[in-house]
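**Q** sequence first, then the predicted structure:
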Amino acid sequence: MTTLTDTPEIVGRGNREGADLFREWFNDLDATAKSGGTAAYVFVMGSINEILKSFDLPVTFPEINSLQTAVRRVAHEYLEDAEDYGYSPDICGYVKADVGTQLRGGEHPMAQIPKPGLTVLTNACNTYIKWAEIWERMYGTPMFTIDIPGTRQEGLITLPGEHDFEGDRTYVETQLKELITLCEEVTGTKFDIDKFREVLGYANTMSASWERILELNAASPSLFNALTDGTIYLGVANGLRGTREGAEYFERLVEEMEYKAAKGIGQAIEEKYRLIFVGVPCYPIFRRFNELFTDWGGTFVNSTYLWFASGGTNRGFQYDLDNPLTSLAEGVLISVRDAMDSMFHQNRAIADMAENFDVDGVIYHPIKSCRTVSTGLADGRKHMTEQLGIPSLFIESDMMDRRVVSEAQMKNRIDAFFEGLAARERQSLASQKG
Amino acid sequence: MTLTTTPATTRVFTEWHDKSLDDALVECRDMVESAEFELVQRWRDQGGKVAGHFQVYFPEEIVHAAGMLPFKVRGAPVEPTDSDSHFGSYLCSILKTSLELALTNTVEMEMFVSHPICDAARNLAAIWGRNTDYPAQILYLPQNPNSAGSVDYLVHEYDRVRRLAEQVSGATITDDDLRASIVVFNENRRLLRELYDIKRETPWLIAAEDAYALVALAGMIPREEHNELLTALLPQIKERGLKKEDRIRVVFEGGFCEQPPFDLIRMLGRTCYVVDDDLLIGLRYITEDVPTEGTPLRQLAESYIDRSSYSPVQHDLRKPKEDMLKARIAGAKADAAILAAAKMCEPGLEEQVTYTHTLDDDEIAYFVSEFEENMSSFDQLELQLETFAENLLFA
C-alpha cells in the first residue's frame, strides 16, 4: 500500500530516479562487457525477464540501445555502417543501428554493450526473428523464440479455460520449460523455483503499478507526458522487470502520481488539448517533436506505445505464485497478445482511451522503420474516424533515420491540426451561445 | 464431407483442351497474366465458395475438404487505386494489390486467412477484416518449429481452421474428407516435383515463364483439375525436340511472397536457364507425400514441421537458410544465383545480406536485384543480367 508523502520533492521524482536507474543499468552492462561477460539479448514485447532474472542473467534490449543512438543524435553513423555492410535503407533502423553497434565491437554512447550469450525473442514482431538470426550467424549465439499466438480475428479474444486459449497456453508453457532448460545449460545453474517466485512477485508489483499509473493519467490536468515521461518509465519497466529495484521504483512512481492527482498538479505546461499518441516516437528529434505539440498546449495523456512497448504490462496481469510456470505462460500469452492487439487492432485501445481520458485528438505517427506498428494505421484511422469521430493527425517520419524526418513539414501539419482544433472549439462555443 | 457446394469434378479451365502443347501453354500463360482471375469467377458461377489465403504456406487440404476453392492471394498486376489509401508509405506492393482484389470484388471470397509472415503482412488480416464482411483471420503457423510443443499446437490450430471452414462452407469436414484431399494434393505435389525435375535436368524443354504459369495455376483452379493439366502436359514437355542452348544455369531466390512481373520471369528465361527457384514456394512447401494413415491434421502438421522447404519468413534451427540456398544451388547444378527481393520486403532484403556474404565465402557467383510486381521496364536489368551471364560464360 502506498503512503502519500506531502513534500514537493516528490514531484518529478520518477523522472530523476528513472534516469538514474537507467544509467546504472547501462553502467552494469558496461562492466559486464569490459570484464568479458555476455548478456541475454531480449526485446520489449515479451522479454521473459521473469525467467532470465531467475538466473541472474544480465539483459540488454537492442531496441533500447538503438533508440538511444537516435536520441543522442548519432544513429546515422551506425545506420551508415550497417548499410555499408549490405543492409538496405528500407529495413528497420533499430536492426541497422544494432548491426552498427556489433560491427563496432559493442561501442555505444551509453556503454560498452556486451556480446550476446543468449537471445530470447517472441514473434510479436517478425523483425525480432530476423534480427536474432544476425547474432546467431555473427556469434553462434543460442536463439530461442517464444512463439506466442495472437488474436486471430478482431473481436475474437479467447479467455482462460476456453479450448482454444488452453491450446495456446499449453504451447507457450512448453516453450517456457524449454527456455529454462536452455538457461540452465547456458549458465550452468539449476533453476530455482523459489527465486523464480520472488522474481514473479516483483513483476507483479511492477505490472499492477504500471496499470495504476496509466489509469491515474486520466486526471485533468494529466500528470505526466505519455510521450516523454512515459518513455523514461518504459525504460525501467523493461530493463528492470522482475527486480526489487524495478518494483520499488514503480511503487514510488505510483506514490508520486497519486500525490500529483490529489493536489491537481499537472504537466509543466498548461494543458489545452489532451492527445493520444499512436505509433512510435520520433527519436531523432525527440524533444523537438514533443515541443511541436506542447507549444500549442497539446499534452499526450496516453499512447499505444505505452501498451505495446511494455509488452502488454499495461494489463496489470498478476502471476499466481502458487502455480508459477503455468501462470507465467498465461500471463505472457495474455500480455503479449494484448501488446500485439494494440498495434494491429489499435482502435480498441483508442476507444478505451477515448472513453476514459477525455481526448481531444489522436496523433498517428507511422514510421518507415517499423511496419509492425505502422502498416495498419492509415486504415485504422479511417475506421476510428467513422466510429469515434475524434479529430486526428497522420504524420509519417521515422524513429531512427533522420533522412526521412522533415521537421518543417511536420510542423506545418501539426500547426494546421491545432488550428483546426481551435476553430472547432470556437465553433462549438459559438453554437452554445447561439 | 456431408455437404458440398461444387463436386470434385467441377472444371473451370478448359481453354487448353485439345490444343497443341505450345498453344496449351499460351492459354496457361494468358490465364496467369490476367488480372481478372476469371477462373475463380467461373468456380463461383457454378456455386463454389472460395477461401483466400495469403502467402506463403497454407494447408489448402483443409478448405478443399470443405468443398471450397483454395485461392492463393499473391497480389496482382493492378494499380492499387482503391486500396492505396488504406496503407501508409514504405510498404511492399503485394499487400496493396491483394487488398485491391477484395475491395473491387475482382475476387470474391467467403473467408480470408493470412499468416504473419512479416511485419507488414501480419497487419493484413486486420485491415482485410475491417473492410470486408466475411471472416478474415490469422493462421499462426509455428515460429518455433523446434519446440516439442509445436506439432500439438499446430494440430490445434489446424483444427481451428477446420472449424472456421465448416462454419463458412456449411460442410462438415470428416477425417476421411481430409484424407481424400491429402491424396489429391499428394498427387499435385508429385507432379510439381516432376515439373521441377524437368527444370533442373532439362531446362531447355520448358521456358521459365511457362513453368511459372503451370505452378501458378494451382492457386486458382481446383487441384484435381490442376492435376489433370500437369498429367497431360508434362509428358509432352519431356518429349519436346528442343535443343540445349549455351546459357548459364541459375537459381532464382526471392519469390516466396510478392511475385516478380511475368515479363521479368520471361526476361530471365531469355538470358539464363532458371533451374530452380522459390517462386510460389508455398504451393510446393511440403516436400514429400503427406501420409494418409493416422490423424490427417496431425499428418499435415508434422509434414509442415518436418518435411518442408524453407523461406526467409520461417526460422528453424535445422534449416539455416544460407545452407538451404547452397543446397538448392548444388541440387540444381546451378552456376549462379539471382538474389532478388521485392521492394520494401524486409525479410527478403535482410536475407539478401546473409546470402551475399555466404556466397562470397563459398565463391559462388550471384546477381543482386530488387523488383516490384508492377514494374514494366526491364531493359536496364536485362542488360546487367546479360553482362553477368557473359562474364560467367566467357570467364
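**A** Yep, it's here.

**Q** quick one: buried residues of stretch A:183-202?
**A** The neighbour-count check on stretch A:183-202 (16 or more other CB atoms under 10 Å in any protein chain shown) flags A:C183, A:V186, A:T187, A:F191, A:F196, A:E198, A:V199, A:L200, A:G201, A:Y202 as buried. For the C-beta atoms, the positions are set from N, CA and C on the backbone; glycine is no exception.

**Q** now the residues you listed as JSON lines including secondary structure, distance to chain B and pLDDT?
**A** JSON lines is the format used below for the buried residues of stretch A:183-202 (DSSP: H, G, I helix; E, B strand; the rest coil; distance: CB to the nearest CB, whole Å; pLDDT from 0 to 100):
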{"residue": "A:C183", "secondary structure": "helix", "distance to chain B": "15", "pLDDT": "98"}
{"residue": "A:V186", "secondary structure": "helix", "distance to chain B": "15", "pLDDT": "96"}
{"residue": "A:T187", "secondary structure": "helix", "distance to chain B": "20", "pLDDT": "97"}
{"residue": "A:F191", "secondary structure": "coil", "distance to chain B": "17", "pLDDT": "98"}
{"residue": "A:F196", "secondary structure": "helix", "distance to chain B": "20", "pLDDT": "98"}
{"residue": "A:E198", "secondary structure": "helix", "distance to chain B": "27", "pLDDT": "98"}
{"residue": "A:V199", "secondary structure": "helix", "distance to chain B": "23", "pLDDT": "98"}
{"residue": "A:L200", "secondary structure": "helix", "distance to chain B": "22", "pLDDT": "98"}
{"residue": "A:G201", "secondary structure": "helix", "distance to chain B": "27", "pLDDT": "98"}
{"residue": "A:Y202", "secondary structure": "helix", "distance to chain B": "27", "pLDDT": "98"}
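
**Q** among those residues, which pair sits farthest apart?
**A** A:V186 and A:G201 (24.2 Å; CB to CB).

**Q** residues near the residue nearest to A:F317 when sequence neighbours are not counted, how many?
**A** Leaving out its chain neighbours, the residue that sits closest to A:F317 by CB to CB, 6 or more residues apart in numbering or on different chains is A:G331, at 4.3 Å. The number of residues packed near A:G331 is 25, by other CB atoms under 10 Å in any protein chain shown.

**Q** roughly how far does the closest residue to B:S311 other than its chain neighbours sit from chain A?
**A** Nearest non-adjacent residue to B:S311, counting by CB to CB, 6+ apart: B:F256, 4.2 Å away. From B:F256 over to chain A the distance is 14 Å, taken as CB to the nearest CB, to the nearest Å.

**Q** list the contacts for B:F256?
**A** Going by CB atoms under 8 Å, 6 or more residues apart in numbering or on different chains, B:F256 touches B:Q55, B:V56, B:D278, B:I281, B:G282, B:S311, B:P312, B:V313, B:G348.

**Q** same check, this time on B:F252
**A** Going by CB under 8 Å, 6+ apart, B:F252 touches B:L268, B:V274, B:D276, B:D277, B:D278, B:L279, B:A337, B:I338, B:A340.

**Q** does it count as helix, strand or coil?
**A** Secondary structure state of B:F252, per DSSP: H, G, I helix; E, B strand; the rest coil, is strand.

**Q** any idea how far A:M206 is from chain B?
**A** 26 Å.

**Q** can you count the residues close to that residue?
**A** Residues near A:M206, counting by other CB under 10 Å, number 27.

**Q** so it sits right up against A:A237, yeah?
**A** Yes: in terms of CB atoms under 8 Å, A:M206 counts as a neighbour of A:A237; the distance is 6.5 Å.

**Q** tell me, what's touching those two both at once?
**A** Common neighbours of A:M206 and A:A237 (criterion: CB under 8 Å, 6+ apart): A:G246, A:F250, A:T313.

**Q** of the residues you listed - the most surrounded one?
**A** Neighbour counts for these (other CB under 10 Å) peak at A:T313, which has 29 neighbours.

**Q** that one and B:L95, how far apart?
**A** 30 Å (CB to CB, to the nearest Å).

**Q** A:N314 now?
**A** Going from A:N314 to B:L95 by CB to CB gives 29 Å.

**Q** between these two, who's got more neighbours?
**A** Neighbours were counted for A:N314 and for B:L95 using other CB under 10 Å; B:L95 has more, 28 against 25.
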